[in-house]
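> Requesting a structural model of the entry that follows:
(one chain, ligands or ions: 1)
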Amino acid sequence: MASLKNIYQKEVKIKVIKFLMVFLVLAGIAFAQDTGEKKKAYTATVDPDGVQRVTISGGSYFFEPDHIIVKVNMPVELTIKKESGIVPHNIIIINAPDAGMDINESLSDKPKIIQLIPKKVGKYPFYCDKRLLFFKSHKEKGMEGVIEVVE
Ligand SMILES: [Cu+2]
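Alright, predicted model coming up:
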């Protein structure tokens with residue numbers, strides 16, 4: 001019976017090793033995704049008519065791009081659209097009237113245009129405030145970004 005016990009112990013060891021290998025692979029994937037998520041900031045270009053045009057798409061659970069740099073005191077035209085799917089999303093910037101920033105729009109498959117004239121240098125976070133029942137809000141799941149207004 002001692003040999004049976006040995007075999008059993010060997011099997012347990014193999015299982016533990018297999019588990020550790022799977023764990024390490026998954027940890028590696030998670031780490032790779034983490035580093036991959038650092039997106040580059042998108043700097044809006046100024047069109048010949050003096051308008052800075054940016055297209056933002058939103059979905060579960062992201063905005064792309066999620067860091068937008070625009071120049072102060074020049075009109076901005078944001079084209080917002082939602083990735084296809086049934087999950088509702090919106091885009092909100094807390095109303096900052098003296099900075100010319102105020103967005104609260106639902107996203108739809110059809111692109112919508114929002115016009116702003118940023119009047120103050122600063123960072124203005126935007127996010128989606130949708131939430132399903134008691135689950136985490138979309139913002140908490142990563143559906144957020146920032147508009148950075150520069151000189
Ligand atoms: Cu959302």
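
> Near the ion, which residues of this structure? Just list them.
With Cβ under 5 Å from the ion as the criterion, the chain meets the ion at residues 89, 128, 130, 138, 143. All C-beta atoms are positioned from the backbone trio N, CA, C, and that covers glycine.

> Which members of these are positioned in strands?
In strands, defined here by DSSP state E, there are no members of the residues of the chain next to the ion.

> give me the number of residues near residue 151?
6 (other Cβ atoms under 10 Å).

> got the contact list for it?
Residue 151 is in contact with 71-72, 121, counting by Cβ atoms under 8 Å, 6 or more residues apart in numbering.

> ok, now with 10 Å
Residues near residue 151 by Cβ atoms under 10 Å, 6 or more residues apart in numbering: 71-73, 121.

> got JSON lines for those, with neighbour count too?
Converted to JSON lines, the contacts of residue 151 look like this (neighbours: other Cβ atoms under 10 Å):
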{"residue": "71", "neighbour count": "16"}
{"residue": "72", "neighbour count": "15"}
{"residue": "73", "neighbour count": "12"}
{"residue": "121", "neighbour count": "13"}
